[in-house]
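1. below are the sequence and a predicted model for it; my questions follow.
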Amino acid sequence: MISKEQFQKEIELIVANAIREDLGDGDHSSLACIPEQAIGKAKLLVKDNGIIAGVAFAKTVFQHIDKDLKMDILIEDGSKVAYGDIVFYVEGASQSILKAERLVLNAMQRMSAIATKTKQFVDLLEGTGTKILDTRKTTPGIRALEKWAVKIGGGENHRFALYDMIMLKDNHIDFAGGITKAINKTKAYLKNTNRDLKIIVEARNLEEIQEILQNKGVYRILIDNFNYEDTKKAVALIGDTCLTESSGGINEKTIRKYAECGVDYISSGALTHSVYNMDLSLKAV
């Protein structure tokens, strides 16, 4: 994953771009009927059940809009919430609260849904020693928020993007002329460019697992679209040589069985691409 400093820059870019997109040359609905000096208070109301996420992000948004806005946080990120819970109050200029409202809700609804789904997967893996990973199957422009939500839900982040880890998948291998050629070219590239990036290599069958193992320097093997029996065989072949990761359509019904095969990680795009937003509202009080 990227550094904390770089991650924070991603969040700042998301906030600035989202406000630019939504505010334009002004919130004319508010400007038309609410005095500039008006002070108001609102509450973040939960209308669903799950794991709340995005409270810290909401604070960033409010502070970006108006540094005088004050939050009273009642429920922190990662906590279970139920219908009727109040997560926080925000108080200050009414116009400022309304400028921030939609961005806060859009982000928190999405993040809470991802955190909730991630927590479900984490619970299903309890006691196995296997960790759940997200993927790059994220919404363009808000990847940092979605990966943040996975962490809040108890999951782990895979690479952030194309630049912070080497991942040799089927197309890389085929275009490079095979597994060994792809790995050797990668090692040479890292040496020539003075980069220190971990290498993950995808395997489509047990024969490819064996070929990967003949090459040193692989951090993790991606055991992609294997059935349970072949996954067990792959884990046995790999042993302690490197870490293991299962992927490929793994869902709530199958994740436990794959974990019981002994893999270190299971990656799932469903954490971020197949969720329904949590129902939240920001209501004036």
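-> Good, I have the coordinates. Residues are numbered from 1 along each chain as shown.

2. how close does the nearest residue to Ile52 once chain neighbours are set aside sit to Val122?
-> Nearest non-adjacent residue to Ile52, counting by CB to CB, 6 or more residues apart in numbering: Val81, 4.7 Å away. Any C-beta I mention is one placed from the backbone N, CA and C, and that applies to glycine too. Separation of Val81 from Val122 (CB to CB, to the nearest Å): 17 Å.

3. Arg143 too?
-> Here the criterion is CB to CB. By it, Arg143 lies 20 Å from Val122.

4. send me the host helix or strand of Thr231 as CSV with only the CA atoms.
-> Counting by DSSP states H and E, the secondary-structure element that holds Thr231 is helix 228-238. Taking Å, rounded to 0.1, in the frame of the first residue of the first chain, the C-alpha atoms of helix 228-238 are listed here in CSV:
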residue,chain,number,x,y,z
TYR,A,228,-11.0,-26.6,-3.5
GLU,A,229,-9.0,-29.7,-4.1
ASP,A,230,-6.5,-28.0,-6.4
THR,A,231,-6.2,-25.1,-4.0
LYS,A,232,-5.2,-27.6,-1.2
LYS,A,233,-2.6,-29.1,-3.5
ALA,A,234,-1.3,-25.7,-4.5
VAL,A,235,-0.9,-24.7,-0.8
ALA,A,236,0.9,-27.9,-0.1
LEU,A,237,3.3,-27.3,-3.1
ILE,A,238,4.0,-23.8,-2.1
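
5. and it, how far out from the chain middle?
-> 28 Å (CA atoms, centre = their mean, to the nearest Å).

6. who touches the very next helix or strand once past it?
-> Sequence order places strand 243-247 as the next helix or strand after helix 228-238, per DSSP H and E. With CB atoms under 8 Å, 6 or more residues apart in numbering as the contact definition, strand 243-247 has outside contacts at 133, 135, 200, 219-226, 231, 234-235, 238, 258, 261-268.

7. in ChimeraX, how would I select the buried members of the residues you listed?
-> One line in ChimeraX is enough to select the buried ones among the contacts of strand 243-247; burial here means 16 or more other CB atoms under 10 Å:
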select :133,135,200,220,221,222,223,224,225,226,231,234,235,238,258,261,262,263,264,265,266,267,268
